[in-house]
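Trainee: What follows is a predicted structure for the sequence shown.
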Amino acid sequence: MPVFQPQSDALRATRRQALWTGGGLAALVAAPGVALADTGKSEAPAKALPAYARWKNADAMIVHSANTIELRRDHFGQGSVTPTDYLYVRNNLNPPSEDIVKDPDAWVIEISGVANPMRTTLGELKRLGLTSVTMVLQCSGNGRGYFPHKPSGTQWREGAAGCVTFTGVPLKVVAEALGGVAGGAKYITGTGGETIPEGIDPKTVMVERSVPLAALDDAILAWELNGEPLPLAHGGPLRMIVPGYMGVNNIKYIKHLAFTAEQSPAKIQQSSYRFTPVGTKGNPGAPSLWAVPVNSWLTSPVQQGKPVKAGRVQLVGVAFGGAHPIKGVEVSTDGGKTWAAAQWFGADLGPFAWRNFVLAVDLKPGTYQVATRASNAQGEVQPRERVENERGYNNNSWLDRSIELVVA
């Protein structure tokens, strides 16, 4: 098997244009409503964590299914990075066997659409270079549970998101080591290593996504998560990471990476994860779910049925700019009538990470509607309303995520 030659070129930090296209789609906006505090707790018996994710903190997670596991809103904590055992799980297919992470360096990936295509191992990729990126990893359906028409799919609230650090080799360095991207390429297409059931057309179920070639400036092939080997639950042994893009574009168990002139023909690219009006099926002409929009929400205090003591209250949350660096965040205690600027605390971990914020307020006994509203360096501001769409994607409404806070 050919061996890569290490490169000395550092990954150049660049910014790209915003790719979120959902906001420009004409759609019916639902009547405003107040979302009460939600910890994700239910009267129904808790489901057990699946075997491949049994190491997760069960008390912090909501198990919707074996492949959809959400972090409870009252367990986000106040750290800058989400602990791996608190990070949500979303798989479109069942994960491969645990055997693939027993010898990570033996994992084989094929790379095409470059001057010198080849198959190589993770062990050889590690010889090329090393970088880390801290970023918001978020499911496209995060916030789907607020849509009144109850879109199909997991009814996530806030917990299908986390801020984590991936470590690996810059994809740009890999492409350069193989002679550069072939002419005519417009997309980076990654194919996952999930097992396709026999007798099914692979294109209907395979996890294969394409993102614009502009993502090459920031993308990496990662083998570590938060300083530890990438676990199976999060795409180990090797995952394509595209900072600033929705989770589905960060291909787990990547086995084939190609620079292509066209988007993948797979259903998950052509019709799934497309932004369409309610009642309209996904189609290749609709906007694809690529970049993350600006967003924020309160993480403390949020518990239902437990009044907050009157006096000085610390309102704490997270905010992120999506495809652009976060600029600021405001907090309202009167349902958006008035706003006050919050302060950042904790480390600034880069343009793709979220920031922790706090606003100290003096509250008298009563009921308050607390909302948060973020803005990014591009001038995009978190909107009051969600944009209604068939599958419940890209919900960054501050009204939906506002909470009713009882002070006694």
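Mentor: Good, I have the coordinates.
Trainee: Report how many residues lie close to Ala48.
Mentor: As a burial measure, Ala48 scores 10 neighbours (other Cβ atoms under 10 Å). For the C-beta atoms, the positions are set from N, CA and C on the backbone; glycine is no exception.
Trainee: Which secondary structure state does it sit in?
Mentor: coil (DSSP: H, G, I helix; E, B strand; the rest coil).
Trainee: From Lys56, how far out is it?
Mentor: 11 Å (Cβ to Cβ, to the nearest Å).
Trainee: next one: Lys252
Mentor: 16 Å.
Trainee: Who has more neighbours out of those two?
Mentor: Neighbours per residue (other Cβ under 10 Å) separate Lys252 from Lys56, with Lys252 holding more: 27 against 23.
Trainee: Tally up the residues packed near the nearest residue to the more buried one once chain neighbours are set aside, please.
Mentor: Among residues not flanking Lys252 along the chain, Gly235 sits closest, at 3.1 Å (Cβ to Cβ, 6 or more residues apart in numbering). Look at Gly235: counted by other Cβ under 10 Å, it has 25 neighbours.
Trainee: how would you label Gly77: helix, strand or coil?
Mentor: Put simply, Gly77 is coil when judged by three-state DSSP.
Trainee: That one and Asp85 touch, don't they?
Mentor: No: assessed by Cβ atoms under 8 Å, Gly77 is found out of contact with Asp85, at 11.8 Å.
Trainee: residues near Val136, how many?
Mentor: The local packing of Val136 (other Cβ under 10 Å) involves 23 other residues.
Trainee: And it, which helix or strand is it part of?
Mentor: Following DSSP states H and E, one finds Val136 within strand 131-138.
Trainee: How much space separates Gly366 from Val302?
Mentor: Shown here: Gly366 relative to Val302, a distance of 17 Å by Cβ to Cβ.
Trainee: who has more neighbours, these two?
Mentor: Between Gly366 and Val302, counted using other Cβ under 10 Å, the more crowded position is Val302 (23 against 11).
Trainee: mind exporting the top helix by length along the chain as CSV, just the C-alpha atoms?
Mentor: Looking across the chain with DSSP state H, the single longest helix is helix 171-177. This file holds the C-alpha atoms of helix 171-177, laid out as CSV (Å, rounded to 0.1, in the frame of the first residue of the first chain):
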residue,chain,number,x,y,z
LEU,A,171,-8.3,17.4,4.6
LYS,A,172,-6.6,20.1,2.5
VAL,A,173,-3.2,18.6,3.4
VAL,A,174,-4.4,15.2,2.4
ALA,A,175,-5.5,16.5,-1.0
GLU,A,176,-2.2,18.3,-1.5
ALA,A,177,-0.3,15.1,-0.7
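Trainee: for whichever helix or strand comes after that helix, what is the average pLDDT?
Mentor: Tracing the chain past helix 171-177, the next element assigned as helix or strand by DSSP H and E is strand 187-191. The pLDDT scores in strand 187-191 average 98.
Trainee: can you check stretch 246-265 too?
Mentor: What stretch 246-265 shows for mean pLDDT is 98.
Trainee: Could you verify my assumption that Phe352 touches Pro243?
Mentor: Yes: with contacts counted by Cβ under 8 Å, Phe352 reaches Pro243, the gap being 4.1 Å.
Trainee: residues shared between the contacts of those two?
Mentor: Overlap of the contact sets of Phe352 and Pro243 (by Cβ atoms under 8 Å, 6 or more residues apart in numbering) consists of 133, 135, 218.
Trainee: Could you find the closest non-adjacent residue to the second one?
Mentor: To tie it back to what came earlier, the one meant is Met135. Leaving aside its chain neighbours, Met135 sits nearest to Phe352 (3.7 Å; criterion: Cβ to Cβ, 6+ apart).
Trainee: give the contact list for the one you found.
Mentor: 133-136, 218, 243-244, 320.
Trainee: what does Leu221 give?
Mentor: Counting by Cβ under 8 Å, 6+ apart, Leu221 touches 109, 125, 168-169, 171, 174, 238-241, 254, 257.
Trainee: try it again with 10 Å
Mentor: By Cβ atoms under 10 Å, 6 or more residues apart in numbering, the residues touching Leu221 are 109, 111, 122, 125-126, 128, 166, 168-171, 173-174, 190, 238-241, 251, 254, 257.
Trainee: ok now the helix or strand containing it, how far from the chain's centre?
Mentor: Take DSSP H and E as the rule and Leu221 turns out to sit in strand 220-225. Centroid separation for strand 220-225 versus its chain: 15 Å, with Cα atoms, centre = their mean, to the nearest Å.
Trainee: Can you list the strands that that strand pairs with?
Mentor: According to DSSP bridges, strand 220-225 has the following sheet partners: strand 161-170 (antiparallel), strand 228-229 (antiparallel), strand 239-241 (antiparallel).
Trainee: Compute the distance between Gln369 and Leu349, please.
Mentor: Going from Gln369 to Leu349 by Cβ to Cβ gives 31 Å.
Trainee: what's the answer for Met246, then?
Mentor: Here Met246 is placed at a distance of 19 Å from Leu349 (Cβ to Cβ).
Trainee: Between those two, which is the more surrounded one?
Mentor: Met246 (28 against 17).
Trainee: Is the more buried one in contact with Cys139, as I believe?
Mentor: Yes: the pair Met246 / Cys139 is scored as a contact, 7.2 Å apart, by Cβ atoms under 10 Å.
Trainee: shared neighbours, those two?
Mentor: 289, 393.
Trainee: most centrally placed residue in the protein?
Mentor: The chain has Gln138 as the residue nearest its centroid, 1.8 Å off, counting by Cα atoms, centre = their mean.
Trainee: quick one: contacts for it?
Mentor: By Cβ under 10 Å, 6+ apart, the residues touching Gln138 are 88, 90, 156, 158, 160-163, 245-248, 292-293, 295, 320, 322, 354, 394.
Trainee: wait, isn't Phe133 in contact with Thr167?
Mentor: If you look again at residue 133, you'll see it is Val, not Phe. Yes: counting by Cβ under 10 Å, Thr167 is a contact partner of Val133 at 8.2 Å.
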